[in-house]
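>>> Pasted the sequence and its predicted model underneath.
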Amino acid sequence: MANDVVIYTVIHQPKRPKLPAQPIPKDASPQEMEGIIFDSAVNRYYFDKVSRTCYYPASDLFNGLVESGFKLSLGFSVSFLKQAEEWDVELLNRFKTLVRRENVELVCVEPYHSFIFYLDIDMFIERMKWGRDYLQNLFGKEISVTDTTEMFMSNDVYYALNSIGFAGALMEGQGWQLGSNLRQPTYLYHQNRDMVLLARHRPLSDDVGYRFSDRTWDGYPLYADDYAQWLRDAEGDFVLIGWDFETFGEHHYVDSGIFEFMMRLPYELDRRGVGFLLTSEVIKKYSENRRELTLPAEPSTWAGSGGMDFFLGNSAQSAIFQLMHAAYNIAKLSENPDLLDIASWLAQSDNLHLIQWFGKSGPEANVSAYFTPRQWWDLGDNRIIWELQQIYKNFIQACIKNW
């Protein structure tokens, strides 16, 4: 039975492109290009919306919980933090207050939530170092554990993260991702290096993250005492639970009971002898029991079914992914850091996530459609894809003209 539980949440807001695509004048500066390519009004709309429903009430929830022994490992994308710095300093200060708590630990994530590791592994290493420094300087806390983007993990990413001194990294914990269905996500793993892997327990995470307010689920309604018992009954050393921070108030509204559930959970876990640990604490406690793992050839994520099909599973995503490559490469060849920064924004995983629905149906397509900006839908399915491709093509041509 598991003796400890690790709660990890990640906060991210993307920098959404502006549709329909706008032409970029020949003499436009990189700063002017940025204003043409990205939709500040739409980004502000969603930032404010999620702040009302989630960020303010959920930060208050967790500030209260950590005062009574609850422990929280928390990741921020720099994409979110830059928006908070520009639009809501009060909210940013609330998160600073939360992070200052002794029972809260910072986890580094890829700064823009991008797929830069697929484009340039050396740049990925530099960006992860920059992202770690950004968080440490902003919040005044050291970081030893990292997430990536959507818990992406592969051989090259593992070795890249190990090379810059992270003690641990998070990954998804399905059987095929752990190399065998006999392996449980409730142990520490490593791949012939010092850095350990902490595997997210997918079923127990998704019971809350996705299914909590689903009235068709056979576990509905989920009560804290039942969930605490499921955590206790898990085989292994510890259970890592991974959620989007937006689970609280945005994915599951306040009237779903999600806040009351979380307030009750620490009491129910304590009754069953289950303690809370931070990600770094679980590494210290269980490192001697870590197990060797050979990562599978296929990269894993926590999105969809756990592979890259959620991001690269249809023709529209494949086309955008190729354009991401081209945009990044031409920006890098220009040796203009401002153009390279725009290309890095354009490599955000969200630009693939938001079109997963194209040509598909079912739960995963519904999740993707939920996150697609409602302002885009007036264009229609095919026009959304065409205009999104045009964003990249316009940027590539602008880079060539500037070069």
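Great, that's in hand.

>>> hang on, residue 68 packs against residue 264?
No - Residue 68 is beyond contact range of residue 264, at 11.8 Å (criterion: Cβ atoms under 8 Å). C-betas here are computed from N, CA, C, even on glycine.

>>> Those two: who's more crowded?
residue 264 (16 against 11; other Cβ atoms under 10 Å).

>>> Relative to residue 233, how far out is the residue nearest to that one when sequence neighbours are not counted?
Leaving aside its sequence neighbours, residue 264 sits nearest to residue 224 (Cβ to Cβ, 6 or more residues apart in numbering; 3.8 Å). Relative to residue 233, residue 224 is positioned 15 Å away (Cβ to Cβ, to the nearest Å).

>>> for residue 376, same thing?
Distance, residue 376 to residue 233, by Cβ to Cβ: 44 Å.

>>> out of those two, which sits in the more crowded spot?
Relative neighbour count places residue 376 above the other of residue 376 and residue 233, with 22 against 11, counting by other Cβ under 10 Å.

>>> Model confidence score at that one, please.
Among the per-residue scores, residue 376 shows a pLDDT of 91.

>>> Same check on residue 181?
Looking at residue 181, its pLDDT stands at 69.

>>> which residues touch stretch 110-125?
12, 14-15, 77-79, 127-128, 130-131, 134, 147-150, 152, 154, 156-157, 160, 163-164, 311, 321, 324-325, 328-329, 332, 344-345, 347-350, 352 (Cβ atoms under 8 Å, 6 or more residues apart in numbering).

>>> same question, stretch 247-259
Contacts of stretch 247-259 (Cβ under 8 Å, 6+ apart): 9, 50, 53-54, 57-58, 61, 208-210, 212-213, 221, 244, 262.

>>> Just the buried residues of that stretch, please?
Using 16 or more other Cβ atoms under 10 Å as the test for burial, stretch 247-259 gives 247-252, 256-259.

>>> for the most centrally placed residue in the chain, phi and psi?
By Cα atoms, centre = their mean, the chain has its centre lying nearest to residue 150, at 4.4 Å. With angles defined as degrees, to the nearest 10, residue 150 sits at phi 60, psi 30.

>>> Let me know whether it touches residue 301 as I believe.
Yes - with contact defined as Cβ under 8 Å, residue 150 reaches residue 301; the gap is 4.2 Å.

>>> Mutual contacts of those two, please.
Applying Cβ under 8 Å, 6+ apart, one finds that residue 150 and residue 301 are jointly contacted by residue 311.

>>> and residue 269, what is it in contact with?
Per Cβ under 8 Å, 6+ apart, neighbours of residue 269: 5, 228, 231-232, 275-276.

>>> Pull the most distant pair out of the residues you listed.
Spanning the widest gap among the contacts of residue 269 are 232 and 276, at 13.1 Å by Cβ to Cβ.

>>> Looking at the two, which one has more neighbours?
Between residue 232 and residue 276, counted using other Cβ under 10 Å, the more crowded position is residue 276 (22 against 18).

>>> Number of residues surrounding the nearest residue to the more buried one once chain neighbours are set aside?
Excluding the flanking residues, the one nearest residue 276 by Cβ to Cβ, 6+ apart is residue 71, at 3.9 Å. By other Cβ under 10 Å, 22 other residues sit near residue 71.

>>> go on, residue 241?
Quick note: residue 241 (other Cβ under 10 Å) scores 21 neighbours.

>>> Quick one: residues in contact with the helix or strand hosting it.
If you go by DSSP states H and E, residue 241 is part of strand 238-244. Strand 238-244 is touched from outside by 2-12, 151, 170, 173, 185-186, 198-201, 204-205, 208-209, 231, 251, 277, 279, 282, 285-286, 302, with contacts defined as Cβ under 8 Å, 6+ apart.

>>> before we move on, back to that, got the contact list for the residue nearest to residue 276?
Taking Cβ under 8 Å, 6+ apart as the contact definition, residue 71 lies against 6-7, 103-105, 276-278, 281.

>>> try it again with 10 Å
By Cβ atoms under 10 Å, 6 or more residues apart in numbering, residue 71 lies in contact with 4-7, 65, 101-105, 266, 275-279, 281.

>>> for this protein, which helix is longest?
helix 381-402 (DSSP state H).

>>> for it, packing partners?
Applying 3 or more Cβ pairs under 10 Å, 6 or more residues apart in numbering; DSSP states H and E, one finds that helix 381-402 makes contact with helix 30-37, helix 315-334, helix 337-346, helix 350-353.

>>> ok now it, how far from the chain's centre?
Chain-centre distance of helix 381-402: 26 Å, with Cα atoms, centre = their mean, to the nearest Å.

>>> now stretch 25-44
Distance of stretch 25-44 from the chain centroid (Cα atoms, centre = their mean) equals 25 Å.

>>> Export it to CSV, keeping only CA atoms.
C-alpha atoms of stretch 25-44 as CSV (Å, rounded to 0.1, in the frame of the first residue of the first chain):
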residue,chain,number,x,y,z
PRO,A,25,4.3,44.5,-44.0
LYS,A,26,7.7,44.2,-45.7
ASP,A,27,9.4,46.6,-43.3
ALA,A,28,7.7,45.4,-40.1
SER,A,29,10.0,45.1,-37.1
PRO,A,30,10.0,41.9,-34.9
GLN,A,31,8.0,43.8,-32.3
GLU,A,32,5.4,44.8,-34.9
MET,A,33,5.3,41.3,-36.2
GLU,A,34,4.5,40.0,-32.7
GLY,A,35,1.5,42.3,-32.5
ILE,A,36,0.3,41.1,-35.9
ILE,A,37,0.8,37.4,-35.3
PHE,A,38,-0.6,37.1,-31.8
ASP,A,39,-4.1,38.0,-30.5
SER,A,40,-3.6,40.1,-27.3
ALA,A,41,-7.4,40.7,-27.0
VAL,A,42,-8.3,37.0,-27.1
ASN,A,43,-5.5,36.1,-24.8
ARG,A,44,-6.6,38.8,-22.3
